[in-house]
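K.L.:
need coordinates for the following:
(one chain, ligands or ions: 1)
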Amino acid sequence: MNYKKRTENNLALYGGKPCRPKNKFLVFGSPAIGKEEILEIQDSIKKRWIGTGPKVARFENDFAEYKGSPFAIALNSCTAALHLSMLASGVCPGNEVITTPMTFCATINAIIHSGATPVLADCDRKTMNVDPREIEKKITKKTKAVLIVHFAGRPCDMGPIISICRKRKLALIEDCAHAIESEYHGKKTGTFGQLGCFSFYVTKNIITGEGGMVITRNKEMASKIKVLALHGMSKDAWKRFADEGYKHYQVIYPGFKYNMMDIQAAIGIHQLKRIDNYWKKRKAIWERYNKEFAGLPCYIPADPEPRTKHAFHLYTPLIDIKKLGKTRDWVLQALTAENIGVGVHYIPVHLHPYYAKTYGWEKGSFPNAEWIGERTISLPLSPALTKDDVRDVCRAFKKVLKGKT
Ligand SMILES: *Cc1c(COP(=O)(O)O)cnc(C)c1O
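P.N.:
Residues are numbered from 1 along each chain as shown. This next block holds a predicted model:
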């Protein structure tokens, strides 16, 4: 009898009822939101200014200050931030951009939509981050940029990556979707490259629903991104309709519609105030999981490297398939049957049909990413989790991996 049938008959695979009742299914990645956000949204609506306006400007200032970056441009997603970062760094058709196979498809799509060709460099099995030696191997005359991803919130090995980019004169862009709080040797992620891209999607460490941000030290790049994000118009709508008198806009580039709304920024402003508080909660849960799961047939995530700050965005143990005698997908089913929501970050990008077909990538091309991709599972990790939620996750994971309650 398959697992689903058995649970339907209220016979979890190893006996007993699910660790959590079905009507309390624990949704993976649900965010913490406070009453300040609700009041701030109400304020925007009451003032009848819900589009891009003063709250977006305030969120940009607050975020720039938080990251210690001179410029921050709020956008409607990290995907938009990645796309415009490609364009602002001059990436164009004929170029190659090196990135990791262990990422979300948005990273690769941003490269493709700039007209360039994505080139993958395999990751490290322990850190799950791109291996700098693999980057070096993939550099050709066409390479224009390196797009790194700080996976799960663990900062990449920036020392060697920066020296490679300097030596080979490559643009460096950071996908910091997982890594808002991360630091490497005292320096904040997103400030190593020319451009750093952030996400405030609902599952990320701080949220605006949909939303993103680009940070940069480069004034020209900042103003280029601002223009590209709003149709290629030389003045944004807020300035146009403010009290300073009527101004015509001029289109100086066929741009995009990537601007953030005040309603989104209204959430972000208050989320950002709580970022350290949220981070401490994530850290505590991460450490509790590590302690609870030691000795199970899985590899728990490696400790953060010395002199780094991990953002603890994802908790990703790797299933020891041999020891357990079951696949990762079986574990996914089993935990879902325990009413615990889970995720997979990621099936490596090169195995998705479009990329495989277009770029000739196949199984075996990036063995470390595949090794992780077959074993990885993401357990709920959020400041919204209650003590009971964390207890249920611990019980369920132990039950499923140990084969007993
Ligand atoms: C979430 C995510 C993105 C995309 O972020 P959006 O804000 O949803 O566009 C990009 N890269 C990585 C690694 C992500 O996890």
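
K.L.:
using the three-state scheme, assign residue 40.
P.N.:
Secondary structure, DSSP: H, G, I helix; E, B strand; the rest coil: residue 40 is helix.

K.L.:
excluding residues flanking it in the chain, which one is nearest it?
P.N.:
residue 266 (3.9 Å; Cβ to Cβ, 6 or more residues apart in numbering). Quick note: C-beta positions are derived from backbone N, CA and C, even for glycine.

K.L.:
which positions in the strand or helix carrying that neighbour come out as buried?
P.N.:
Per DSSP states H and E, residue 266 falls inside helix 262-273. Neighbour counts over helix 262-273 (16 or more other Cβ atoms under 10 Å) mark 262-272 as buried.

K.L.:
of those residues, closest to the ligand?
P.N.:
Distance to the ligand across the buried residues of helix 262-273 (Cβ to the nearest ligand atom) is lowest for residue 264, with 11.0 Å.

K.L.:
from residue 270, how far out is that closest one?
P.N.:
12 Å (Cβ to Cβ, to the nearest Å).

K.L.:
can you check residue 392 too?
P.N.:
Taken as Cβ to Cβ, the span from residue 392 to residue 270 is 28 Å.

K.L.:
local confidence estimate at the residue lying farthest from the centre of the chain?
P.N.:
In terms of distance from the mean C-alpha position of the chain, residue 245 ranks first, at 40.9 Å (Cα atoms, centre = their mean). pLDDT for residue 245: 72.

K.L.:
regarding it, what is its secondary structure?
P.N.:
coil.

K.L.:
please apply the same query to residue 146.
P.N.:
Per three-state DSSP, residue 146 ends up strand.

K.L.:
look up the pLDDT of it for me, please.
P.N.:
98.

K.L.:
okay, now it: neighbour count?
P.N.:
Around residue 146 there are 27 other residues, counting by other Cβ atoms under 10 Å.

K.L.:
circling back to that earlier point, please convert the buried residues of helix 262-273 to TSV, extending it with distance to the ligand and pLDDT.
P.N.:
Converted to TSV, the buried residues of helix 262-273 look like this (distance: Cβ to the nearest ligand atom, whole Å; pLDDT from 0 to 100):
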residue	distance to the ligand	pLDDT
262	18	98
263	16	98
264	11	98
265	14	98
266	17	98
267	14	98
268	12	98
269	17	98
270	19	98
271	14	98
272	16	98
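
K.L.:
who's in contact with the helix or strand containing residue 394?
P.N.:
Taking DSSP H and E as the definition, residue 394 sits inside helix 387-402. With contact meaning Cβ atoms under 8 Å, 6 or more residues apart in numbering, helix 387-402 is reached by 12-14, 16, 18-20, 26, 285, 288-289, 292-293, 296-298, 317, 319, 324, 331, 334-335, 338-340, 379-380, 385, 405.

K.L.:
swap in stretch 293-307?
P.N.:
So stretch 293-307 is contacted by 126-127, 152, 154-155, 184-186, 286, 289-290, 310, 315-320, 323-324, 375, 394, 397-398, 401-402 (Cβ under 8 Å, 6+ apart).

K.L.:
ok, which stretches of the stretch 201-350 of the chain are strands?
P.N.:
Taking DSSP state E, counting those that start in this stretch to define them, one finds strands in the stretch 201-350 of the chain at 212-216, 298-299, 308-309, 318-319.
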